[in-house]
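J.: mind folding the following:
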Amino acid sequence: MKIRNRIALQFSLIVATILLVFSVVIYFTTATYSRDDFYDRLKSKALTTARFLIQVNEVDRNLLKIIDRNTLTALYDEKVLVFDENNRLIYASVDDHIIHYQRSLLNEVRQLKEVETWSDDNQLAGILYEEGGRKLVVLASANDRVGRNKQKNLGITLVWGLLGGISVTIGLGIFFAGQSLEPIDDINSQVSTITARNLRLRLDEGDRRDEIDQLAVNFNAVLGRLEQAFEQQRSFVSHASHELRTPLAALKSEIQLGLRRQLKTDEYEAILTNLLSDTDRLIGLTNSLLFLARTLENISQMPLAPVQMEEVVLFARDELLSAKPDYRIEFDYDNIPDSETETTVSGNEELLKRVLLNLMDNACKYSADHTARVRIRTDNRSCWVSVRDQGIGMTPEDAVLIFDPFYRTSNAVGYDGFGIGLSICQRILELHQGQITVESQLNEGSQFTIQLAHL
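T.: Below is the predicted model:
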């Protein structure tokens with residue numbers, strides 16, 4: 001079922017239920033009021049008859065019958081009976097009709113003083129009238145034909161009104177549901193035209209005031225991120241192909257050189273040395289690409305545990321100095337933590353060590369003195385680790401692009417590297433809900449700072 005039909009159906013059911021309850025309440029409220037009003041009229045008639053009979057001496061029973069028959073307020077099929085203390089009938093307004101009653105009814109009237117009941121199709125009211133030491137029971141009966149006709153007409157009117165209201169509600173529900181969902185139909189039409197080849201297309205965002213406009217805004221934001229991801233993927237493939245082609249071309253050239261003519265032993269050794277160097281570069285590049293791809297996996301697949309950042313720094317320092325003894329790493333605190341939890345974060349120790357190892361290696365590699373200065377500072381929410389060098393630095397334009405895969409600054413071309421390390425660092429910190437920033441000045445050095453929420 002389409003959404004517009006479902007909305008129209010639900011709206012119609014709600015309105016139909018409200019109209020039905022409203023109609024039923026009106027019908028039964030009116031019926032109750034009409035019945036109570038008719039009983040009051042019967043009681044008033046009974047009381048008036050009793051007063052005429054007892055208090056007015058000039059009015060005998062025959063005259064009272066004439067008055068009852070010709071009064072303007074006479075009710076349809078009206079009958080009035082008056083009984084004395086011994087249940088003897090002392091007055092009847094009509095002689096040719098019988099009111100069916102039981103003696104128990106007279107006793108009930110004497111006990112309750114007022115009784116409302118039915119006599120066949122007529123309503124019957126009984127009252128106890130006390131005057132001059134006498135206790136008379138007066139029964140008044142009549143048929144509320146007018147009230148029933150009115151009630152019947154009211155019921156017919158309510159039924160037709162209910163059916164008409166439901167019909168109008170269904171029609172208006174379908175119309176307004178269609179009107180309300182028309183922007184969504186427009187969005188569906190626009191979305192169907194967007195493919196991987198035209199991700200630059202955007203939805204109409206309207207005035208950005210209602211929920212549908214916000215949906216278009218959010219969808220455009222998703223398209224923007226998707227377009228950026230596609231661009232990064234294309235850029236990644238392009239740069240990866242270029243980086244892989246260089247060592248492969250060198251390998252091919254060395255092999256062709258060795259096959260072109262007979263060489264001496266030392267010449268073969270030189271070719272094999274170059275092949276080994278190019279192979280190591282190719283393996284290093286491949287490993288970096290694989291590691292970069294793995295860092296894009298879901299955070300749920302990465303084991304997390306409490307990690308002490310000082311220990312990560314020390315592990316990374318020892319591993320780097322073991323591989324490159326000519327490097328120097330200086331480590332200190334900007335402020336002494338109040339407790340060890342201020343430097344404890346939730347993360348993967350190996351991945352965080354990879355980040356610091358990369359940052360320290362870059363700092364030492366690009367510094368003339370091969371020295372990296374690592375400092376830790378904390379506050380009540382985060383832990384910061386900064387790695388500073390006094391190396392070649394970079395321009396503000398380069399600082400914006402430095403975390404893109406395969407991006408290298410123009411003054412770093414003479415140094416070994418693939419331009420993947422900082423991109424890997426950024427991916428790892430994103431998986432840890434952290435961030436990495438850079439401050440740098442050309443020819444004066446750079447400072448990379450990572451921020452992580454501590455426990």
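J.: now do the residue nearest to residue 106 when sequence neighbours are not counted: how many residues are near it, please.
T.: Spatially, and ignoring its direct neighbours in sequence, residue 106 is nearest to residue 137 (5.0 Å; CB to CB, 6 or more residues apart in numbering). C-beta here means a position set from N, CA and C on the backbone, and glycine is covered the same way. Residue 137 has 25 neighbours, counted by other CB atoms under 10 Å.
J.: with residue 195 instead?
T.: 8.
J.: residue 94: how many residues sit nearby?
T.: With other CB under 10 Å as criterion, residue 94 counts 15.
J.: these two touch, right, it and residue 140?
T.: No - using CB atoms under 8 Å, residue 94 is not in contact with residue 140; the gap is 11.8 Å.
J.: common neighbours of these two, please.
T.: Common contacts of residue 94 and residue 140 (CB atoms under 8 Å, 6 or more residues apart in numbering): residue 79.
J.: name the helix or strand for the residue nearest to residue 106, please.
T.: Applying DSSP states H and E as the criterion places residue 137 in strand 134-142.
J.: what helices or strands is the helix or strand just after that strand leaning on?
T.: Counting by DSSP H and E, the element after strand 134-142 in chain order, helix or strand, is helix 145-192. Under the contact definition 3 or more CB pairs under 8 Å, 6 or more residues apart in numbering; DSSP states H and E, helix 145-192 sits against helix 3-55, helix 211-260.
J.: and these, which one is worst for confidence?
T.: Lowest mean pLDDT of the helices and strands packed on helix 145-192: helix 211-260, a mean of 74.
J.: so the following helix or strand past that one versus helix 211-260, what angle?
T.: Tracing the chain past helix 211-260, the next element assigned as helix or strand by DSSP H and E is helix 265-294. If you take axes from the mean of the first three to the mean of the last three CA atoms, to 10 degrees, helix 265-294 sits at 170 degrees to helix 211-260.
J.: next helix or strand past helix 265-294?
T.: Note on helix 265-294: by DSSP H and E, the next helix or strand toward the C-terminus is strand 305-308.
J.: pull out the buried positions in that next one.
T.: Counting neighbours by 16 or more other CB atoms under 10 Å, one finds that the buried residues in strand 305-308 are residue 307.
J.: so which helix or strand of this protein has the lowest pLDDT on average?
T.: In the chain, the helix or strand scored least confidently by mean pLDDT, DSSP states H and E is helix 61-70, which has a mean of 58.
J.: elements contacting the next helix or strand after that helix?
T.: Proceeding N to C from helix 61-70, the next assigned helix or strand is strand 79-83, under DSSP H and E. Counting contacts by 3+ CB pairs under 8 Å, 6+ apart, strand 79-83 packs against helix 3-55, strand 89-92, strand 134-142.
J.: which ones are touching residue 126?
T.: Residue 126 sits next to 46, 105-106, 108-109, 114-115, 117, 137-140 when contact means CB under 8 Å, 6+ apart.
J.: for these, pick the one with the most neighbours.
T.: Counting neighbours by other CB under 10 Å, residue 140 leads these with 29 neighbours.
J.: tell me the SS of residue 376?
T.: strand (DSSP: H, G, I helix; E, B strand; the rest coil).
J.: what's around residue 39, how many residues?
T.: Neighbours around residue 39, by other CB under 10 Å: 19.
J.: need the strands for the stretch 301-450 of the chain, in chain order.
T.: 305-308, 328-333, 344-347, 371-378, 382-388, 435-441, 445-453 (DSSP state E, counting those that start in this stretch).
J.: the third one: which residues count as buried?
T.: Same thing as strand 344-347. 344-345, 347.
J.: kindly report the same for the fifth one.
T.: Residues 383-388 are the ones in strand 382-388 that count as buried (16+ other CB under 10 Å).
J.: residue nearest the middle of this protein, spatially speaking?
T.: residue 211 (12.0 Å; CA atoms, centre = their mean).
J.: quick one on the thing from earlier: between strand 79-83 and the strand holding residue 137, find me the angle.
T.: Using the same axes, to 10 degrees: strand 134-142 against strand 79-83 is 160 degrees.
J.: check contacts around residue 397.
T.: Residue 397 neighbours (CB under 8 Å, 6+ apart): none.
J.: ok, the one 10 residues further on next?
T.: Remark: with contacts taken as CB under 8 Å, 6+ apart, residue 407 is in contact with 401, 419, 423.
J.: same check on residue 440?
T.: 393-394, 398-399, 446-447.
J.: what do you get if the cut-off is 6 Å, keeping everything else the same?
T.: Contact analysis of residue 440 by CB atoms under 6 Å, 6 or more residues apart in numbering lists 393-394, 399, 446.
J.: for it, give its distance to residue 320.
T.: From residue 440 over to residue 320 the distance is 21 Å, taken as CB to CB, to the nearest Å.
J.: cool, residue 80 as well?
T.: With distances taken as CB to CB, residue 80 is found 117 Å from residue 320.
J.: these two: which is more packed in?
T.: Neighbours per residue (other CB under 10 Å) separate residue 80 from residue 320, with residue 80 holding more: 25 against 19.
J.: skipping its backbone neighbours, what lies nearest that one in space?
T.: Using CB to CB, 6+ apart, the closest residue to residue 80 is residue 93 (4.1 Å).
J.: can you report phi and psi for the one you found?
T.: Main-chain dihedrals, residue 93, degrees, to the nearest 10: phi -70, psi -20.
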